[in-house]
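Peer 1: I'd like to go over a predicted model; first the sequence, then the structure.
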Amino acid sequence: MASYGSSSAASSGSRTNGLAIASLCCGVVGLFFLNIVLGPLAIIFGAVARRQASVKNGAGMAKAGIILGVVDVVLWLVLLAVAASNDGFSWYVGG
């Protein structure tokens, strides 16, 4: 009989920090959507993950998440400056 619950690859013990993964995901998604919300979240998650993780358990992902979070915040500031120089935002709902 096959044993479905006992895989040697699944129980290797080398698990990546969940906050490092969350930081990287927030940083990547923040490049396209909600960068003012996801950017700071990526920075916070990455900073906490860097304190918790060793080099092999997601420190690189946490660092990438921090960098992408900073890029998200800078991108939001640039878009805000462009919008301010063009007399702000205007929403046109058809009609």
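Peer 2: Now that the structure is in, tell me what you want to look at.
Peer 1: Mind listing what's buried along the longest helix along the chain?
Peer 2: What stands out as the longest helix in the chain, according to DSSP state H, is helix 59-85. Buried residues in helix 59-85, counted by 16 or more other CB atoms under 10 Å: 59, 61-73, 75-76. Just so you know, the C-beta spots here come from the backbone N, C-alpha and C atoms, and that holds for glycine as well.
Peer 1: For that helix, name the packing helices and strands.
Peer 2: Under the contact criterion of 3 or more CB pairs under 8 Å, 6 or more residues apart in numbering; DSSP states H and E, helix 59-85 touches helix 18-30, helix 35-52.
Peer 1: which stretch among those comes nearest Tyr92?
Peer 2: helix 35-52 (22.7 Å; CB to CB).
Peer 1: picking that back up, got JSON lines for the helices and strands packed on helix 59-85, with mean pLDDT, mean neighbour count and distance to Leu80 too?
Peer 2: Shown next, in JSON lines, are the helices and strands packed on helix 59-85 (pLDDT from 0 to 100; neighbours: other CB atoms under 10 Å; distance: least, CB to CB, whole Å):
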{"stretch": "helix 18-30", "mean pLDDT": "93", "mean neighbour count": "21", "distance to Leu80": "15"}
{"stretch": "helix 35-52", "mean pLDDT": "92", "mean neighbour count": "20", "distance to Leu80": "9"}
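Peer 1: so which of these gets nearest Val82?
Peer 2: Across these, closest to Val82 is helix 35-52 (CB to CB), at 13.7 Å.
Peer 1: relative to helix 18-30, how tilted is that closest one?
Peer 2: Here the directions of helix 35-52 and helix 18-30 differ by 160 degrees (axes from the mean of the first three to the mean of the last three CA atoms, to 10 degrees).
Peer 1: Quick one: work out the angle between helix 35-52 and helix 59-85.
Peer 2: Calculated by the same axes, to 10 degrees, helix 35-52 forms an angle of 160 degrees with helix 59-85.
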